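Engineer: Turn this into a structure:
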Amino acid sequence: MVKFTKNTFLFKEHVTLFKGSNNYDVYDPQTKEVILHCREKNLTPLYSLLRLFITELKSITPFEIEISGLDGKKIIKVKKGLSLVFPKIEVYDENDKLIGFFKLKLFPVGNNFEVFDEKGNFVSKLESLIGWNFKFLKDENTIATVTKKWSGIGKELLTSADNYILDIDDNIEKTSPLRLLFFAAVISIDMVLRAK
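Structural biologist: As a prediction, the model looks like this:
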């Protein structure tokens, strides 16, 4: 859990010529060091081919992505089943215990997630801003942001692949499960919203 006590993280997607699965590295923008790995697991050949040749189907295909430390030990699992509309994305801890989940909300406007804890209690909402920039709101206060607008952070690390900066409000407790949900949301934005 120590890795999640920081407030700013850079998610950098791997660049591959034929990309069926999605993989990312998470950097500390200050030290420019990789601190976490995000790897897609258990992608079937059928869904891999669908993603390659019909990219619009990416958002409906299932995925399972593990976020792990450099030692390979799993910290979080982000999982979604096959879904034609309104996908539910579940987030599990290192022991496969449910932490919470997201539900896609398309109305009234934009692409937004509602965030729930493991008991189904609403805890936050993720709203899209201009472009591919998002904010987490709790009681109408911004508690974290996900952005593709760099403002100089880690510029030399950026390529043409999709990259995101996660910035968490310092008032969020370092041991709060919300921090794990923020991480899972970055993956969900790229796998579900960006794919639409």
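Engineer: could you say which helix or strand contains residue 92?
Structural biologist: Using DSSP states H and E, the element containing residue 92 is strand 88-93.
Engineer: Residue 184 now?
Structural biologist: Here residue 184 sits within helix 177-188, counting by DSSP H and E.
Engineer: Name the residues that touch that helix?
Structural biologist: With contacts defined as CB atoms under 8 Å, 6 or more residues apart in numbering, helix 177-188 is touched by 4, 9, 11, 22, 24, 26, 38, 65, 67, 75-76, 78, 80, 89, 91, 93, 99-100, 102, 113, 115, 117, 123-124, 126, 134, 136, 143-144, 146, 164, 166, 168, 172. For the C-beta atoms, the positions are set from N, CA and C on the backbone; glycine is no exception.
Engineer: So for residue 183, what pLDDT did the model give?
Structural biologist: On the pLDDT scale, residue 183 is placed at 89.
Engineer: what about it, how many residues close to it?
Structural biologist: If you count neighbours by other CB atoms under 10 Å, residue 183 ends up with 25.
Engineer: Quick one: neighbours of the nearest residue to residue 28 once chain neighbours are set aside, just the number.
Structural biologist: What sits nearest to residue 28 in space, not counting adjacent residues and going by CB to CB, 6 or more residues apart in numbering, is residue 35, at 5.2 Å. Using other CB under 10 Å, residue 35 is surrounded by 17 other residues.
Engineer: Ok, residue 162 next?
Structural biologist: 16.
Engineer: Residue 191 is in contact with that one, correct?
Structural biologist: No - Residue 162 is beyond contact range of residue 191, at 10.3 Å (criterion: CB atoms under 8 Å).
Engineer: part of a strand, is residue 175?
Structural biologist: No - Residue 175: not assigned to a strand; according to DSSP: H, G, I helix; E, B strand; the rest coil it is coil.
Engineer: Worst mean pLDDT across the helices and strands of this structure, which element?
Structural biologist: In the chain, no helix or strand scores lower on mean pLDDT, DSSP states H and E than helix 45-53, which sits at a mean of 62.
Engineer: Quick check: next helix or strand after that helix?
Structural biologist: Following helix 45-53 in sequence, per DSSP H and E, is strand 63-68.
Engineer: got the angle for the helix or strand following that next one vs helix 177-188?
Structural biologist: Note on strand 63-68: by DSSP H and E, the next helix or strand toward the C-terminus is strand 74-80. Note on geometry: by axes from the mean of the first three to the mean of the last three CA atoms, to 10 degrees, strand 74-80 and helix 177-188 are set 50 degrees apart in direction.
Engineer: helices or strands up against strand 74-80?
Structural biologist: strand 63-68, strand 88-93, helix 177-188 (3 or more CB pairs under 8 Å, 6 or more residues apart in numbering; DSSP states H and E).
Engineer: Of these, which is nearest residue 30?
Structural biologist: Residue 30 lies closest, by CB to CB, to one member of those: helix 177-188, at 17.7 Å.
Engineer: Pull the distance from the closest one to the chain's centre.
Structural biologist: Centroid separation for helix 177-188 versus its chain: 6 Å, with CA atoms, centre = their mean, to the nearest Å.
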